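Undergrad: Build me a structure from this.
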Amino acid sequence: MPKILIEMQDIFKSYQSGGVVQPVLKGINLKIYSGELVAIMGASGSGKTTLINMIGILDRPTSGKYLIDEKDVTTLTDDEQATMRNKVIGFVFQSFFLLPRLSLLENVGLPLYYRHTPVNEKNELALKFLEKVGLKDFSDRRPGQLSGGQQQRVAVARALVGSPTFILADEPTGALDSKTGQLIMNLFKELNSKDNITIIIVTHDPKIAEQCMRTIRIQDGMILSE
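TA: Numbering: from 1, shown residues only. Alright, predicted model coming up:
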């Protein structure tokens, strides 16, 4: 039986604006197991973005527990959460977020830079993961010299370089054409099946979601179905 990697217990989140309390998440209960490839879907205003921010330790719930590897993230200080975010989660975004003045090698090595990893070790690991996504020979290029699909592969290498517990990919194919998007999805599926990496993909595309092991649908701040 796979172990529970991520568990949310009665997660509520409200925001206050002009003296009015606006509930966004309304009692989220969720389990994601080690080695899963999971899709999260939800329309605009469904609470999907807030849920993603919770999973990524970018926001705190108003109430409830969020556990990663049985550790309650909600009890950590801001600094402890930042450290955990850097070590536990690999992020992939729709807009790549590569730094244009840095080489691909330097971009991929950034998470290790923030861990104060020695330069030689950082570069060695960055090169290893550029090779994993098929871009080792491009290590000295800048992001602007690459296609969108290549840039997203660099972003995947950056997400992997710190050996995270899981990858959180927010609309990773959203800025790509369907053919290139499928190549990125194939890469995720390969990482999941061959390396047993847990991957959570947030997507609006049913064709992407149907390639995952299961799909979590959120509506009106609640999980509608799995």
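Undergrad: any idea how far Arg142 is from the closest residue in space to Gly148 that isn't next to it in sequence?
TA: Beyond its immediate neighbours in the sequence, the residue positioned closest to Gly148 (CB to CB, 6 or more residues apart in numbering) is Leu176, lying 5.4 Å away. For the C-beta atoms, the positions are set from N, CA and C on the backbone; glycine is no exception. For Leu176, the distance to Arg142 (CB to CB, to the nearest Å) stands at 19 Å.
Undergrad: May I have the helix or strand encompassing Glu7 exported as PDB, CA atoms only?
TA: With elements taken from DSSP states H and E, the one containing Glu7 is strand 4-17. Once side chains and other backbone atoms are set aside, the C-alpha atoms of strand 4-17 remain, and they are given as PDB (Å, rounded to 0.1, in the frame of the first residue of the first chain):
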ATOM      1  CA  ILE A   4       0.100   9.000   2.200                       C
ATOM      2  CA  LEU A   5       2.300  11.800   1.200                       C
ATOM      3  CA  ILE A   6      -0.100  14.700   1.300                       C
ATOM      4  CA  GLU A   7      -3.100  14.900   3.600                       C
ATOM      5  CA  MET A   8      -5.400  17.800   4.200                       C
ATOM      6  CA  GLN A   9      -7.900  17.600   7.100                       C
ATOM      7  CA  ASP A  10     -10.900  20.000   7.200                       C
ATOM      8  CA  ILE A  11      -9.100  22.800   5.500                       C
ATOM      9  CA  PHE A  12     -11.000  26.100   5.600                       C
ATOM     10  CA  LYS A  13      -9.700  29.400   4.100                       C
ATOM     11  CA  SER A  14     -11.400  32.800   4.300                       C
ATOM     12  CA  TYR A  15     -10.300  36.200   3.300                       C
ATOM     13  CA  GLN A  16     -11.500  39.500   4.800                       C
ATOM     14  CA  SER A  17     -12.200  42.500   2.500                       C
END
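Undergrad: What helices and strands are in contact with it?
TA: Packed against strand 4-17 by the contact rule (3 or more CB pairs under 8 Å, 6 or more residues apart in numbering; DSSP states H and E) you find strand 20-33, helix 48-55, strand 63-68.
Undergrad: How about the secondary structure of Pro164?
TA: Assigned with DSSP: H, G, I helix; E, B strand; the rest coil, Pro164 falls in the coil class.
Undergrad: can you pull the contacts of it?
TA: The contact partners of Pro164, by CB atoms under 8 Å, 6 or more residues apart in numbering, come to Lys87, Val88, Ile89, Gly90.
Undergrad: Repeat the analysis, applying 6 Å as the threshold.
TA: When contacts are counted by CB atoms under 6 Å, 6 or more residues apart in numbering, Pro164 touches Val88, Ile89, Gly90.
Undergrad: Over to it: give its phi and psi.
TA: As for Pro164, its main-chain torsions (degrees, to the nearest 10) stand at phi -70, psi 160.
Undergrad: try the one 3 residues further on
TA: Backbone geometry at Ile167, expressed as degrees, to the nearest 10, gives phi -110, psi 130.
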